[in-house]
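Chemist: Compute the structure for the input listed below.
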Amino acid sequence: MAGLESPAVLAAGRFDLAFVIVLLLPLLLIAATYDFWSRDVENGSARFQLAQPISPARLVLMRVAVRGGGLLAGATLIACMALVLAGARDLAGLTGFAAIVLAYGLFWIALTTLINLFVRASTTAALAAGTAWLVIVVLLPGAIAAGVGLAAPRPPAMSYTNAVRAAGLEVRAAHASAALAAAKAPPRNNYPASLWHSRGEMAGSQGRGDPAWRGRGDDEIVGVSGVFTRAVPAGRRSHLPCRLTTAEKRTS
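Modeler: Residues are numbered from 1 along each chain as shown. The predicted structure follows:
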């Protein structure tokens, strides 16, 4: 039902912050950490590093923290700043978002670390990390979505549109009598105050209850507050003020 999506989403396309975090951030982390140890094993320098008075686990963690942790921290900070510039002000929501991004990035760093520990060639490590990205990010979500679609297929877009239209017709039919009665009912109020041309004319319309108004014929002229207003028969609901010429003016 692509036609029912938000116009802003359709105009911006699929390249948004979620796309960057879910698809591009793992690629950046893989590019930064895929060979942080396998290249040293490949060229033989890992033996000299392991001969130093430091544990292998600490050495691996320090190298992966420098190469992957710095990139992940910077990406998380940039993503949070983008949300703040977009208008996000909820501190709890921003904290939760940062925690999710960090956890997602740490998963990929841990995956590349495992690949480096079991693979001795950097090209093989890059191929293994790329395959893992393809399976986890692209193939697995697509397979899950396809399985859900086969298990519980969604109705077509035309059926959804017809259902919405039928529901609207039912609501309109249920309130048809009330709408007809409201249309036939006589108006209860005169024109609102915003339609009067000036305060003097409004005062003239309010002065119809004065003694100067009573006893006059339908075509006589009544002067109220310096503004002359033509009397309108009682059956007519509109009392629009009108300016008269000097020849038409008559004092009360």
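Chemist: What ranges in the stretch 151-252 of the chain fall below the confidence cut-off?
Modeler: Along the stretch 151-252 of the chain, segments meeting pLDDT under 70 span 187-252.
Chemist: Could you count how many residues lie near residue 21?
Modeler: Other residues near residue 21 come to 18 when the count uses other Cβ atoms under 10 Å. (C-beta placed from N, C-alpha, C; glycine too.)
Chemist: Next, work out how far apart it and residue 36 are.
Modeler: Separation of residue 21 from residue 36 (Cβ to Cβ, to the nearest Å): 22 Å.
Chemist: what does residue 87 give?
Modeler: Distance from residue 87 to residue 36, by Cβ to Cβ: 38 Å.
Chemist: neighbour count winner among these two?
Modeler: Remark: of residue 87 and residue 36, residue 36 carries more neighbours, 20 against 6, as counted by other Cβ under 10 Å.
Chemist: Next, the contact list for that one, please.
Modeler: 63-64, 67-68, 112, 116 (Cβ atoms under 8 Å, 6 or more residues apart in numbering).
Chemist: which of those residues lies closest to residue 178?
Modeler: residue 68 (65.8 Å; Cβ to Cβ).
Chemist: Verify the stated contact: the closest one with residue 116.
Modeler: No. Between residue 68 and residue 116 there is no contact under Cβ atoms under 8 Å: 10.8 Å.
Chemist: Touching both of the two, which residues are there?
Modeler: 33, 36.
Chemist: Mind telling me what element residue 62 is part of?
Modeler: helix 56-64 (DSSP states H and E).
Chemist: can you pull the buried residues of that helix?
Modeler: 59-60, 63-64 (16 or more other Cβ atoms under 10 Å).
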